[in-house]
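Enquirer: quick one, fold the following:
(2 chains)
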Amino acid sequence: MLAGIGLGFRRDLADALIGWRGSLPAFIELAPENWMQIGGYWRRKLLQAAERYPVTAHGLSLSLGSPEPLDWEFLKGVKQFFEEVPVQIYTEHLSYAKCDNAHLYDLLPIPFREDAVHHVADRIKQVQDFLGRKIAIENVSYYTPVAPELDEHTFISAVVKEADCLLLLDVNNVYVNAFNHQYDAKDFISKLPLDKVAYIHMAGHEQVSDDLIIDTHGAEVIDPVYELFEWTAQRINPVPVLLERDFNIPDLEELLPELGRLNAIATRHWDLRNAA
Amino acid sequence: MPLSEETRKFQTSLADYCRDNTYREVPGVNSDRAKQYRRLVFNGVKSALNSAYPIAKETLGKERWDEFVTEFFARYPSSSPQLWKMPRGLYEFAVESRYAEMMGLPYLNDLLLFEWIEIEMFMRPDSEIAPYRACQDVLNEHLVLNPDFQVVQLSYPVFKLKGADLLDKRGNYFLLVYRSASTQKVWFSELSPFVVAVLELLKDDPLTGHDVVEAALAFIGSSDETGAKEALQQLVSDEIILGALDE
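Expert: Here you go, the predicted structure:
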């Protein structure tokens, strides 16, 4: 069973990760959209990396929250990709990235509403049935609610329950949302279905004004987010933890201390002897 | 339970705002915060287009490029879930909306195609290749063609000239775009009639170098056998012909 601390597989880091012989990261995470149905140079790098590390997949464009029907051609491609590059877990965002069949390539917040719960849960069930596996959905960062009728935690919990899916708990997103919407991060986490947490994301962010943080994944994880992770780790079963770094990507060596710090927290609270 | 029309409308309003920068009121939405979505979405798309089309961006200049990209994103729905494929839409948008004519840049479509085709060739899925080995006797061996190639017809030589230098060069230009099997890099080569004939002859079945030379010369109405053999050898050196069929 996959455990330990992983790192996002970015092209900037590909060669360093493929050649790296250290014990961390214990796995890599990739976005299937960036790696499926390609050949040539990056296909070779992908296969080399997949030989070296266990792989998890974190989708960007499935758009579980879209008003329109699921993109079955895309899902077929994802399924085929998972046959070529086995992934241990597939996660996606509880958001929408496409509307009126136009992709936006970013994550928009789903209105926290009862009908949206049923709509999204039904789509997650369709995806799980098609792929023959449970997926984990991520609590996303958002900068404004959209016509909400429910609390965020109620919305997330209801979707997870109705879809019978797993939860990717993005600890940084909780921190960002708690700051931006002025709620208590620990109280929020304690209201989530923690027994369904299958995966954790950690990342850095950027505070752009007195009352707004943007979830950039472009900086180091800050101390309060580490502290929130440690608090969370004491309340959930051991799960894989992923360090996301999507912008301002430094050399691998510069990311190792962050991986090490996450690993230290994880091993303080979890038994990772069977980690991958 | 289907999504209500009201919820659908709210979602569409936010998405449309991200695309066309025209704000629509949605209950509960903080309009200042909503600006972040427009900014993030548009910057992500623009950044991908900047990377895909550096020459077109430079040719148009900042103001016209920004206007072009803004118009594209507002009016042309990007259908691919894969961000790297999105820039193709800019080329399609330019062709459909006759942007080249509007801008007075008749070579714009060719330039966009030229830049896009490099990305597409670099990323395209690997083709099936017949087993092959290094050539030892080009003329007497069955030759295996590199399947990762495409012939592009252009009206302007955007692969060797830029900007105003192109305006009086309208004509028929044939460009071979191919991916090296050893380095995976993409190469461009202006096509001679002989190479066109070789590609046509070898694309379905391996033939011997002799057969290729003979048929290609007949095809183009030439008797320059020495030149043809040298050209064939060059195609091997350039990895357009991968080698000899390993029978």
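
Enquirer: from the contact counts, what lies against the helix or strand bottoming out on mean pLDDT in chain B?
Expert: Least confident helix or strand, chain B: helix B:99-103 with a mean of 91, by mean pLDDT, DSSP states H and E. With contacts taken as 3 or more Cβ pairs under 8 Å, 6 or more residues apart in numbering or on different chains; DSSP states H and E, helix B:99-103 sits against helix B:54-75, helix B:108-123. Where you see a C-beta, it was placed from the backbone N, CA and C, and this is true even at glycine.

Enquirer: mind exporting the first one as PDB, just the C-alpha atoms?
Expert: Extracted in PDB, the C-alpha atoms of helix B:54-75 (Å, rounded to 0.1, in the frame of the first residue of the first chain):
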ATOM      1  CA  PRO B  54       6.900  33.000 -29.800                       C
ATOM      2  CA  ILE B  55       7.500  34.100 -33.400                       C
ATOM      3  CA  ALA B  56       3.800  35.200 -34.000                       C
ATOM      4  CA  LYS B  57       3.900  37.000 -30.700                       C
ATOM      5  CA  GLU B  58       7.000  38.900 -31.700                       C
ATOM      6  CA  THR B  59       5.700  39.600 -35.200                       C
ATOM      7  CA  LEU B  60       2.400  41.000 -34.000                       C
ATOM      8  CA  GLY B  61       3.800  43.100 -31.200                       C
ATOM      9  CA  LYS B  62       2.400  43.400 -27.700                       C
ATOM     10  CA  GLU B  63      -0.800  45.300 -28.400                       C
ATOM     11  CA  ARG B  64      -2.000  43.300 -31.400                       C
ATOM     12  CA  TRP B  65      -0.900  40.000 -29.800                       C
ATOM     13  CA  ASP B  66      -2.900  40.800 -26.600                       C
ATOM     14  CA  GLU B  67      -5.900  41.800 -28.700                       C
ATOM     15  CA  PHE B  68      -5.700  38.600 -30.700                       C
ATOM     16  CA  VAL B  69      -5.400  36.300 -27.700                       C
ATOM     17  CA  THR B  70      -8.200  38.100 -25.800                       C
ATOM     18  CA  GLU B  71     -10.500  37.800 -28.800                       C
ATOM     19  CA  PHE B  72      -9.600  34.200 -29.300                       C
ATOM     20  CA  PHE B  73     -10.300  33.200 -25.700                       C
ATOM     21  CA  ALA B  74     -13.600  35.100 -25.600                       C
ATOM     22  CA  ARG B  75     -14.900  33.700 -28.800                       C
END
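
Enquirer: what is the orientation angle of that helix with helix B:108-123?
Expert: 100 degrees (axes from the mean of the first three to the mean of the last three Cα atoms, to 10 degrees).

Enquirer: quick one: the helix or strand just after helix B:54-75 to chain centroid distance?
Expert: Scanning forward in sequence from helix B:54-75 by DSSP states H and E, the next helix or strand is helix B:88-96. Its chain's C-alpha centre and that of helix B:88-96 lie 12 Å apart, by Cα atoms, centre = their mean, to the nearest Å.

Enquirer: give me the average confidence score over helix B:88-96.
Expert: For helix B:88-96, mean pLDDT is 98.

Enquirer: right, is it up against chain A?
Expert: No - figure legend: helix B:88-96 not in contact with chain A (Cβ under 8 Å from any Cβ of the partner chain); closest approach 9.6 Å.

Enquirer: tell me what that helix is packed against?
Expert: Helix B:88-96 packs on helix B:54-75, helix B:108-123, going by 3+ Cβ pairs under 8 Å, 6+ apart.

Enquirer: over the shortest one, what's the mean pLDDT, rounded is fine.
Expert: Helix B:108-123 carries an average pLDDT of 98.

Enquirer: report all helices and strands that the following helix or strand past that helix contacts.
Expert: The helix or strand immediately downstream of helix B:108-123 is strand B:132-133, counting by DSSP H and E. Here strand B:132-133 touches strand B:241-245, going by 3+ Cβ pairs under 8 Å, 6+ apart.

Enquirer: who does the strand it packs on pair up with?
Expert: Here strand B:241-245 has these sheet partners by DSSP bridges: strand B:132-133 (antiparallel), strand B:143-145 (antiparallel).

Enquirer: secondary structure class for B:Y178?
Expert: Following DSSP: H, G, I helix; E, B strand; the rest coil, the label given to B:Y178 is strand.

Enquirer: measure it to B:L235 for me?
Expert: From B:Y178 across to B:L235, the span is 10 Å (Cβ to Cβ, to the nearest Å).

Enquirer: between these two, which is the more surrounded one?
Expert: The neighbour count for B:Y178 versus B:L235, taken as other Cβ atoms under 10 Å in any protein chain shown, is higher for B:L235 (25 against 22).

Enquirer: where does chain B dip in pLDDT?
Expert: Along chain B, segments meeting pLDDT under 70 span B:1.

Enquirer: what domains does the record give for it?
Expert: Listed domain ranges for chain B are B:1-123, B:127-247 (source: automatic domain parsing).

Enquirer: contact partners for B:E5?
Expert: Applying Cβ atoms under 8 Å, 6 or more residues apart in numbering or on different chains to B:E5 gives no contacts.

Enquirer: again, but for B:Q82
Expert: A:E33, A:N34, A:M36, A:Q37, A:S61.

Enquirer: just the residues you listed that are near chain B?
Expert: A:E33, A:N34, A:M36, A:Q37, A:S61.

Enquirer: show me those residues that map onto helices.
Expert: Of the ones next to chain B among the contacts of B:Q82, the ones assigned to helices by DSSP state H are A:E33, A:N34.

Enquirer: list only buried entries from the ones next to chain B among the contacts of B:Q82.
Expert: A:E33, A:N34, A:M36, A:Q37, A:S61 (16 or more other Cβ atoms under 10 Å in any protein chain shown).

Enquirer: looking at these, spot the one nearest chain B.
Expert: A:S61 (3.5 Å; Cβ to the nearest Cβ).

Enquirer: the closest one touches A:D106, doesn't it?
Expert: No - in this structure, A:S61 is not within contact of A:D106 by Cβ atoms under 8 Å, at 10.2 Å.

Enquirer: shared neighbours of these two, anything?
Expert: A:A97.
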